[in-house]
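**Student:** Here's a sequence, model it:
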Amino acid sequence: QVQLVESGGGLVQTGGSLRLSCATSGRTFRFYTMGWFRQAPGKEREFVAAVGWSAGSTYYPDSVKGRFTISRGNAKNTVFLQMDSLKPEDTAVYYCAAGFGGGDYAYSAEDHYNYWGQGTQVTVSS
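**Tutor:** Below is the predicted model of the structure:
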């Protein structure tokens, strides 16, 4: 059974940091693009970060660029999201996702991703 399990969410003050982790199981994700998305209450899910399977390419939207960093573990089956300088507008449920196909790129489109985690809540207080 394929599973993606996020952890590391919580409550933090504005300007603080959190590190999210995504552990995968059930198959090897070594050649999958890994991504993070988030969904705030009343809003659509949005792309946050992605990393190609070799970890040589990453991509971020302007809203988090320079504050968030995505990385993969040594075995490439774990992915992390380091979030610094957090803002109240970063409050959301954060989802880990894995996608197969295409090249070694950091894809931002949701429809590239085949597997999703259940999400972890991140709340940034003002």
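
**Student:** quick one: the helices in this structure?
**Tutor:** In the chain, no helices are defined using DSSP state H.

**Student:** where along it do the strands fall?
**Tutor:** 3-7, 10-13, 18-25, 33-39, 46-51, 58-59, 68-72, 78-83, 92-99, 115-116, 120-125 (DSSP state E).

**Student:** Looking at these, which is nearest to Y105?
**Tutor:** Across the strands of the chain, Y105 has its closest neighbour in strand 33-39 (6.8 Å, Cβ to Cβ). C-beta coordinates here come from the backbone N, C-alpha and C atoms, glycine included.

**Student:** list the buried ones in that closest one?
**Tutor:** 33-38 (16 or more other Cβ atoms under 10 Å).

**Student:** Ok, stretch 89-107 next?
**Tutor:** Buried, per 16+ other Cβ under 10 Å, within stretch 89-107: 90-99, 105-107.

**Student:** Please apply the same query to stretch 111-119.
**Tutor:** Result for stretch 111-119 [16+ other Cβ under 10 Å]: buried residues 112-113, 115-117, 119.

**Student:** Quick one: end-to-end distance for stretch 52-65.
**Tutor:** Using Cα to Cα, to the nearest Å, the end-to-end distance of stretch 52-65 comes to 17 Å.

**Student:** Just the CA atoms of stretch 41-50, as CSV, please.
**Tutor:** C-alpha atoms of stretch 41-50 as CSV (Å, rounded to 0.1, in the frame of the first residue of the first chain):
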residue,chain,number,x,y,z
PRO,A,41,-9.8,27.5,4.5
GLY,A,42,-12.1,28.6,1.7
LYS,A,43,-9.4,28.6,-0.9
GLU,A,44,-8.2,26.3,-3.6
ARG,A,45,-5.2,24.1,-3.2
GLU,A,46,-2.0,25.8,-4.4
PHE,A,47,1.5,24.8,-5.4
VAL,A,48,4.2,25.5,-2.8
ALA,A,49,7.4,23.7,-3.9
ALA,A,50,8.7,20.8,-6.0
